[in-house]
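Enquirer: Sequence and predicted structure below; questions after.
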Amino acid sequence: MKIYTKSGDAGETSLFGGRRVYKDDTRLEAYGTIDELNAVLGVAQSTAKDLLTKEIIKWLQNTLFIAGGELASPDTVARSGASNSSVVTDTIQQPETAKPQFQIPVILEKHSQQAETYIDKMQAELPELREFILPGGTAAAAHLHAARTICRRAERVIITLTKTEQVSKNLVIFVNRLSDLLFILARWENYQSGEQDVKWEK
């Protein structure tokens with residue numbers, strides 16, 4: 001199978017389920033930014049030294065793949081009821097009329113809970129932060145700070161999307177929690193590497 005299909009040469013692409021949209025559609029911007037975030041985390045993973053940092057990044061990359069797939073599937077929220085309540089299953093079945101059928105994983109409350117568990121574990125060991133810090137330190141920490149800013153951008157785009165389309169509440173909460181996790185993870189990588197956080201000089 002060729003990598004190129006030429007189906008997008010006119011500036012359109014297909015969402016999961018077949019709906020055609022322009023490539024500057026807000027939904028594409030949302031999951032494209034999630035993909036960008038995942039790529040930067042891959043760079044952070046390649047430079048990280050701490051084993052817990054690597055473990056968390058691996059979990060995040062897999063979870064972000066779920067988030068991207070959910071954003072690329074506009075019918076998922078409506079079928080799951082995720083806009084108003086927690087999703088009760090890990091996957092959403094395509095309608096029986098759809099050929100072929102797929103199981104679409106979705107972001108659940110447990111994903112935000114896992115992020116909070118990681119945050120609490122690291123924060124309990126990190127020195128108290130009394131000053132503003134700048135992005136930097138080790139290469140991995142700097143990449144994690146970059147990932148944090150991309151995460152915030154992804155969140156802004158997703159919030160824009162919620163104004164016109166249904167988006168899972170669980171997904172919105174997870175992306176918000178993720179930026180906090182990335183901030184703590186950057187500090188953690190510096191701390192475990194014996195590197196000082198870069199303090200803001202007034």
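Expert: Done, it's in.

Enquirer: Got the confidence number for the closest residue to Ser193 other than its chain neighbours?
Expert: In space, and not counting its chain neighbours, Ser193 is closest to Thr138: 4.9 Å by C-beta to C-beta, 6 or more residues apart in numbering. Glycine gets a C-beta too; all of them are placed from N, C-alpha and C. On pLDDT, Thr138 comes in at 97.

Enquirer: what about the protein, any weak spots by pLDDT?
Expert: The model of the chain has pLDDT under 70 over residues 2-24, 76-102.

Enquirer: picking that back up, wait, the residue nearest to Ser193 sits on Gly194?
Expert: No - using C-beta atoms under 8 Å, Thr138 makes no contact with Gly194, being 9.3 Å away.

Enquirer: Mind checking which of the two has more residues around it?
Expert: Neighbour totals were compared for Thr138 and Gly194, and Thr138 leads with 22 against 8 (other C-beta atoms under 10 Å).

Enquirer: about what we covered before: how about the residue nearest to Ser193, what does it touch?
Expert: Thr138 makes contacts with 47, 49, 189-190, 193, 195, as judged by C-beta atoms under 8 Å, 6 or more residues apart in numbering.

Enquirer: Centre-most residue in this protein?
Expert: Residue closest to the average C-alpha location in the chain (C-alpha atoms, centre = their mean): Leu64, at 4.2 Å.

Enquirer: Relative to Ile107, how far out is that one?
Expert: Between Leu64 and Ile107 the distance is 9 Å, computed by C-beta to C-beta, to the nearest Å.

Enquirer: ok, and the closest non-adjacent residue to the residue nearest to the centre of the chain?
Expert: Asn38 (4.6 Å).
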